[in-house]
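In: Got a predicted structure here, sequence first:
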Amino acid sequence: MTIGRMCWLRWLAGSLACLVVLAGCSGAGADESAPPTWVSTPPQHLSCDGLADPRLMVDVIQAADLGEPDPDDSFAEVKAEEPSLSCDAVDHDDLQLSMYQAKKVYLASWFDPPNPLLIPIGDLPGFVTHDYARLYIPCTRDSETVTLNSWVRISNSELDNPDARLAMARLLVDMTNKARARFGCAESANALSLPSELPDIPEFGMDNAKPVSEKWDSDTACPPAMRSFLPSYGSAHKKVWAMGTPLPSKLISVCDVRVGEGDYLTVDEVSGRPKVAFVTYKGIFAKMRHELPEYSRAEYDVMCHGEPVSYRIYSPSEDDSSRWSEQLSDKQGNNVLLDHFARAAAERAGCPLPE
C-alpha cells in the first residue's frame, strides 16, 4: 500500500469519526426535546393486566406530575370470580386502581363526607375530587346484580388541577368498561362514555366562600337561608362560612359549615374548623340506607320523584376534631339542625317532608 493511499484512508476514517460524533451530538439534542420513551410508547405494565389503557395512565401520571413509572414498583391482581381488581402503577402508591364488590353495609354506613369540591362525572353515579375518583356501578352475572366500587387514587395535594381530575375520570370510566367486560357483567354490552370535559370546581376557602348570613342560590347543596337555623359558633371575630357542592353528583351532595381559616386543616385539605356538615345521599347510597334498618332514619329516608333520598348530619369527631363523625355529641341540638336542613332541601327538590 502506498503512503498516499494510507494517508487518504486515514483522512476518510477521521472524517467518518467526525460525522459520527456530530450525528451523536445532533441526536442527543433531538432526544432532549422528544418526550420520554415511557410517554411516547407506554410500557405494558401500565395496562394493569389488560384492565387499563396505558395511554390514559400516562395522562394521569403527567397531569399529576407523579414521575416516571418503574415496572419494579408495579403490581396488578385481577380476580374475575370475585370480581375484583387491584393495581399499583407508580412508586409509593402514587397511582392506585381498584374495583371490588361493595357490601351493603359499606354503602349504607359510608359517612365521611367528601369535601364540597367534588365534581360529578357527567350523568354517571360517581364523582371526582383532587386526589381520587369513584364510580358505583351495577354488575349482573348469573341473574345476580351487585354494586362494584370502582376507584382511582393519586398522590396529589393540589386542590385545583382540572387536567388531573379529567385524566382520572377518563381512566376510571375506561377501566370500568374493561373490567365489566372481563368479569362478564351483562351491563358491559353498553359501554360508558368517557368524559371529554368536566365542570370547574368553585372558588374555595374562607375569602371566597359565601357567608352563611347570605342567601344561597337554589342550585347549591346549601339551603337558601343558613343563618336562620344555625347556632352561634365561636367568637365574633371568626367568620362563619359554608361551602355547598355547586353541581351535586347522582350519589351525594354536601353543605359544610366552618369557622375561621388557616390552622385547622381537615383531612380534605380545605381550611377552617369544621362545625357541621349536611349531606344529601342519592342513588345506591340512599337505597341501602332505606333497606338496612340499623342505618335507616325513616323520617329522613324518603322517596323523591320515584328515587330514594336520605338526609344526614355530621359534626366533628370527639377524638379528632379535623374529621367528621355521625356520632353526635349534641344529638338533640343536631337533630333540630338536621330537620331544618332536610325540610329546606326537600322543599327545594319539590318533595316536601310531611309535618
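Out: Received it, and whenever you're ready, just let me know what you need.
In: only C-alpha atoms for contact and neighbour calcs from this point on.
Out: Will do.
In: Isn't residue 96 up against residue 88?
Out: Yes: between residue 96 and residue 88 there is a contact under C-alpha atoms under 8 Å: 4.7 Å.
In: what comes up buried for stretch 220-228?
Out: By 16 or more other C-alpha atoms under 10 Å, the buried positions in stretch 220-228 come out as 220, 221, 222, 223, 224, 225, 226.
In: And for stretch 142-151?
Out: 146, 147, 148, 149, 150, 151.
In: What is the nearest of these to residue 160?
Out: Using C-alpha to C-alpha, residue 151 comes nearest to residue 160 of these, at 19.3 Å.
In: ok, the closest one to residue 133 distance?
Out: Distance, residue 151 to residue 133, by C-alpha to C-alpha, to the nearest Å: 6 Å.
In: Check residue 84 too.
Out: 17 Å.
In: Neighbour count: the two, which is higher?
Out: Using other C-alpha atoms under 10 Å, the more surrounded residue of residue 84 and residue 133 is residue 133, with 28 against 18.
In: For the more buried one, name its beta-bridge partners.
Out: residue 128, residue 152 (DSSP bridges).
In: Show the contacting residues for it.
Out: Taking C-alpha atoms under 8 Å, 6 or more residues apart in numbering, we find residue 133 in contact with 126, 127, 151, 152, 153, 165, 168, 169, 172.
In: now do 6 Å
Out: 127, 151, 152 (C-alpha atoms under 6 Å, 6 or more residues apart in numbering).
In: I figured the last one hits residue 132, correct?
Out: Yes: because the distance of 5.5 Å satisfies C-alpha atoms under 6 Å, residue 152 is recorded as touching residue 132.
In: number of nearby residues for residue 182?
Out: By other C-alpha under 10 Å, neighbour count at residue 182 equals 16.
In: number of nearby residues for residue 258?
Out: If we define neighbours as other C-alpha under 10 Å, then residue 258 has 24 of them.
In: can you pull the pLDDT of it?
Out: Each residue has a pLDDT score; the one for residue 258 is 80.
In: what are the ranges of the helices in the chain?
Out: Counting by DSSP state H, the segments of the chain that form helices are 3-33, 37-40, 54-63, 104-109, 162-183, 283-291, 331-349.
In: tell me what the third one is packed against?
Out: By that I understand helix 54-63. Under the contact criterion of 3 or more C-alpha pairs under 6 Å, 6 or more residues apart in numbering; DSSP states H and E, helix 54-63 touches helix 162-183.
In: Now do the helix it packs on against helix 54-63, angle only.
Out: 150 degrees (axes from the mean of the first three to the mean of the last three C-alpha atoms, to 10 degrees).
In: For residue 273, which of the helices of the chain is the nearest?
Out: Closest to residue 273 of those, according to C-alpha to C-alpha: helix 331-349, at 17.1 Å.
In: What residues of the closest one count as buried?
Out: So helix 331-349, judged by 16+ other C-alpha under 10 Å, has buried residues 334, 337, 338, 339, 340, 341, 342, 343, 344, 345, 346.
In: Out of these, which is nearest to residue 48?
Out: residue 345 (42.1 Å).
In: picking that back up, could you export the buried residues of stretch 142-151 as a markdown table, including distance to residue 353 and pLDDT?
Out: A markdown table is the format used below for these (distance: C-alpha to C-alpha, whole Å; pLDDT from 0 to 100):
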| residue | distance to residue 353 | pLDDT |
| --- | --- | --- |
| 146 | 31 | 93 |
| 147 | 29 | 95 |
| 148 | 32 | 95 |
| 149 | 31 | 95 |
| 150 | 33 | 95 |
| 151 | 34 | 94 |
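In: how much space is there between the residue lying closest to residue 43 once chain neighbours are set aside and residue 96?
Out: Excluding its sequence neighbours, the residue lying closest to residue 43 (C-alpha to C-alpha, 6 or more residues apart in numbering) is residue 54, at 7.2 Å. Distance of residue 54 to residue 96, given as C-alpha to C-alpha: 13 Å.
In: Kindly report the same for residue 319.
Out: 29 Å.
In: Looking at the two now, which is surrounded by more residues?
Out: The neighbour count for residue 319 versus residue 96, taken as other C-alpha under 10 Å, is higher for residue 96 (21 against 8).
In: Who are the contact partners of residue 211?
Out: Residues in contact with residue 211 (C-alpha under 6 Å, 6+ apart) are residue 241.
In: For the spatially closest residue to residue 56 that is not a sequence neighbour, give its distance to residue 60.
Out: Excluding its sequence neighbours, the residue lying closest to residue 56 (C-alpha to C-alpha, 6+ apart) is residue 171, at 5.6 Å. To residue 60, residue 171 is 8 Å away according to C-alpha to C-alpha.
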